[in-house]
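Enquirer: Got a sequence here, can you build the structure:
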Amino acid sequence: MSQYYVGADIGGTTVKLAIIKENGTITKKWEIPTNTDNKGEAIPSDIAASISNTLKEENIDPSMVVGIGAGAPGFVDTTTGYIHEAVNIGWKDFDFGNLLADLTGMDVWVDNDANLAALGENWLGAGAGCTELIAVTLGTGVGGGIIANGQILNGANGTAAELGHVTVVPNGGAPCNCGKTGCLETVSSATGIVRKAKEAAEQHSESKLNRYINEGTLTSKDVFEASKAGDEAASAVISEITDVLGMAIANMAIAINPEKIVVGGGVSKAGDLLLDPLEKAYRKYALPRTAEASSFGIAELGNDAGVIGGAFLVKKNK
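Expert: The predicted structure is shown next:
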């Protein structure tokens, strides 16, 4: 009899869901809105109802589902699925894992969303087969996941590999959602890139960035494209954000000596415009022997990395 895993990747705007076979093949994937009203209290019931409805539509008996692997954007107790804080969706001291298990009648495992992306890429993506891997997710924020000795690192209380919250601006840095200032997330995320671009454009009245700013449409993609077209202000921003990110990754690499560094998230769609200067910065700051052992790559699973990682979380725990 076929068995299935359910992957759930909870984001600030949508929850990505998938029914996945034992070999990692996605049978069905879909999304539901993330309801952040009332501090996100309805999210578990929304997920449970959506899974139930989809299993019926696909003629899959719930008994054929081994379990649910879910990722949340915050600080997670991976033993219980308890969310200490997930700022983007309003959770604080939220017993998500047990709630979802009670609502679905299924076993549930929960981890940080960036860790799930790392697990997905390590199972079926750009980091397949690596026993030492750093995965970086560049989106609205900056996420990190580390595979060491073939295992995801969670740390003493679930905050290992929170690369986005490495301090890179010790004094006078921008405020971060975590409560600190000067975090990497405030510099090298999509949000940080836009903020830096606005600052740079103020000093360059001729920059193409000013048109986007005046229209209120500036995105990180626009900054990369302007840089490619030779815009001085945009190029300076890309140089700064990749230099800072490369240094942060190089410092993390000292701890685990990775075989591969995989970069994913929306910002990674810039491809070589991001990867080339980022790898150059990494190799500038990394211990030479550490750099020799590691290669760079763009994540291959795209938006499916989290749900595939969720499936693998169930697979490795059952």
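Enquirer: all contacts plus neighbour counts: C-alpha atoms, from now on.
Expert: Noted.
Enquirer: so how far is L313 from F94?
Expert: As for F94, its distance to L313 is 20 Å (criterion: C-alpha to C-alpha, to the nearest Å).
Enquirer: which of the two has more neighbours?
Expert: L313 (27 against 19; other C-alpha atoms under 10 Å).
Enquirer: Can you classify A135 as helix, strand or coil?
Expert: Taken by DSSP: H, G, I helix; E, B strand; the rest coil, the conformation at A135 corresponds to strand.
Enquirer: wait, what's in contact with it?
Expert: In this structure, A135 makes contact with A114, A117, A118, G144, G145, I146, I261, V262, V263, G264, judged by C-alpha atoms under 8 Å, 6 or more residues apart in numbering.
Enquirer: For G230, pull up the helix or strand it's in.
Expert: For G230, there is no host helix or strand (DSSP states H and E).
Enquirer: after the helix or strand encompassing R283 comes which helix or strand?
Expert: Assigned by DSSP H and E, R283 belongs to helix 272-285. Next helix or strand after helix 272-285 toward the C-terminus (DSSP H and E): helix 288-293.
Enquirer: Can you list the residue ranges for strands in this protein?
Expert: Assigned by DSSP state E, the strands in the chain fall at 4-10, 14-21, 26-33, 65-72, 75-77, 82-86, 91-94, 108-112, 133-138, 142-148, 151-152, 260-264, 295-298.
Enquirer: What strands flank the fifth one, and is each parallel or antiparallel?
Expert: Each strand pairing with strand 75-77, determined using DSSP bridges, is listed with its direction: strand 82-86 (antiparallel).
Enquirer: Please compute how far the partner strand lies from its chain's middle.
Expert: Using C-alpha atoms, centre = their mean, to the nearest Å, the distance from the centre of strand 82-86 to the centre of the chain it belongs to is 16 Å.
Enquirer: What distance do you get for the nearest residue to I20 once chain neighbours are set aside to A311?
Expert: Excluding the flanking residues, the one nearest I20 by C-alpha to C-alpha, 6 or more residues apart in numbering is I26, at 4.4 Å. According to C-alpha to C-alpha, I26 stands 10 Å off from A311.
Enquirer: that older thread, do you know which of the strands of the chain lies nearest C183?
Expert: Closest approach to C183 among the strands of the chain (C-alpha to C-alpha): strand 142-148, 9.5 Å.
Enquirer: Can you tell me which helices and strands that closest one packs against?
Expert: Counting contacts by 3 or more C-alpha pairs under 8 Å, 6 or more residues apart in numbering; DSSP states H and E, strand 142-148 packs against helix 113-124, strand 133-138.
Enquirer: so V187 makes contact with V194?
Expert: No: using C-alpha atoms under 8 Å, V187 is not in contact with V194; the gap is 9.1 Å.
Enquirer: Serialize the helices and strands packed on strand 142-148 to JSON lines and add fields for distance to L218.
Expert: What follows is the helices and strands packed on strand 142-148, written out as JSON lines (distance: least, C-alpha to C-alpha, whole Å):
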{"stretch": "helix 113-124", "distance to L218": "26"}
{"stretch": "strand 133-138", "distance to L218": "17"}
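Enquirer: Make CSV from these and add mean pLDDT and distance to L287 to it.
Expert: As requested, the helices and strands packed on strand 142-148 are exported to CSV (pLDDT from 0 to 100; distance: least, C-alpha to C-alpha, whole Å):
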stretch, mean pLDDT, distance to L287
helix 113-124, 96, 23
strand 133-138, 96, 16
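Enquirer: Can you tell me which of the contacts of A135 comes closest to A126?
Expert: Set against A126, the nearest of the contacts of A135 by C-alpha to C-alpha is V262 (6.7 Å).
Enquirer: how many other residues sit next to that closest one?
Expert: Neighbour count for V262, taken as other C-alpha under 10 Å: 25.
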